[in-house]
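[1] give me a 3D structure for the following:
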Amino acid sequence: MNQYKATILIVDDTPINIQILSEILKNDYHLKVATSGEKAIEIASSGERIDLILLDIVMPTIDGYQVCRRLKAENNTNKIPIIFVTAKNDVDDEEAGFNLGAVDYIIKPFHPAIVKVRVRNQVSLKLKSDLLEELAQIDGLTQIFNRRYLDGRLPLILDECQKQQQKLSLVMIDVDYFKNYNDNYGHGMGDVCLIELAKCLKKYVNMVKGALVARYGGEEFVLVLPELEKEEVISLVDQVIKAVEKLQIQHAYSKVSPFITISAGLAIFLPFKLDAASNVLAIADKALYQAKSNGRNQLVTFS
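    This is a model prediction of the structure:
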């Protein structure tokens, strides 16, 4: 398996400094360059992954301190580690940089071995931090997103849908008579059932751009489906309900089918009706409750 190659953004208004750093680092990293603070902010905010920024302090228009302050103020860039690159070696300058959120300093003129070590250390820490954060967002059993990720991501999706004036559909799913399944087949088989169900849900969610599936807790799952029209969402969820039953996971203790089935509550929101994430979930949960009251193995929609 190929080892991941980190991406470093080098920011300096002096081309020779960029050239020197590039020569030192080019064999070990993907490199991007910017010759101004404005361009550095544009690249870092573009959504393309940046693992480390080497940031010159003294630059025209926007200096390195201002760039650092602005990057640390934005959610999509505040976790990128920044090493200041400077000829300044005053203690007060270092303190100012660290207070702004820098992780290290590289002093000019450059010593290649020192540059490599400092960069390697910070890249290693960043990759380990990213891995831990990713693991914290994944459900250990089903390997899909967990509730923690959903709680953090859903408000951002709501905001984006409002800005873009897009519809948002949210589906709350519950496995029918899952307690009976666990009680009679054992929790080990219950885990296997949830794993297979998650695979099935993920298959259908992957068909929709920007959609996600998360395990909400126990045997409950949530689908978040932006942009789709009502008829498209209903068709998709109906397909999911049928696909789950077609898995033919034996459930002799269900009152609706000899196989595992699911009930689903669908809430569809127009852009001007989007509310807080908790209310969105609550409305989908009410629809799910109605689906279970109506006999389960079905979809109920609230618009």
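
[2] from the chain's centroid, how far away is stretch 19-31?
    Distance of stretch 19-31 from the chain centroid (C-alpha atoms, centre = their mean, to the nearest Å) equals 29 Å.

[3] just the terminal-to-terminal distance for it.
    For stretch 19-31, the first and last residues are 11 Å from each other (C-alpha to C-alpha, to the nearest Å).

[4] for the longest helix anywhere in the chain, which positions count as buried?
    Under DSSP state H, the helix in the chain containing the largest number of residues is helix 112-136. Buried residues in helix 112-136, defined by neighbour count with 16 or more other C-beta atoms under 10 Å: 115, 118, 119, 122, 123, 126. Glycine gets a C-beta too; all of them are placed from N, C-alpha and C.

[5] what do you get for stretch 38-57?
    So, applying 16+ other C-beta under 10 Å, buried residues of stretch 38-57: 39-41, 43-44, 50-57.

[6] still on that earlier bit, which one of the buried residues of helix 112-136 is nearest residue 195?
    When the buried residues of helix 112-136 are ranked by distance to residue 195 (C-beta to C-beta), residue 126 comes first, at 31.3 Å.

[7] could you measure from that closest one over to residue 189?
    Distance of residue 126 to residue 189, computed by C-beta to C-beta, to the nearest Å: 41 Å.

[8] same question for residue 115.
    Relative to residue 189, and taking C-beta to C-beta, residue 115 is found at 55 Å.

[9] can you give me the mean pLDDT across stretch 122-131?
    The predicted model assigns stretch 122-131 a mean pLDDT of 94.

[10] picking up where we left off before, distance to residue 286 and secondary structure for the buried residues of stretch 38-57 - can I get that in a markdown table?
    Shown next, in a markdown table, are the buried residues of stretch 38-57 (distance: C-beta to C-beta, whole Å; DSSP: H, G, I helix; E, B strand; the rest coil):
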| residue | distance to residue 286 | secondary structure |
| --- | --- | --- |
| 39 | 49 | helix |
| 40 | 48 | helix |
| 41 | 44 | helix |
| 43 | 45 | helix |
| 44 | 42 | helix |
| 50 | 43 | coil |
| 51 | 44 | coil |
| 52 | 47 | strand |
| 53 | 47 | strand |
| 54 | 52 | strand |
| 55 | 50 | strand |
| 56 | 56 | strand |
| 57 | 55 | coil |
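
[11] pick out the most distant pair among those.
    Among the buried residues of stretch 38-57, 51 and 57 lie farthest apart (C-beta to C-beta), at 20.7 Å.
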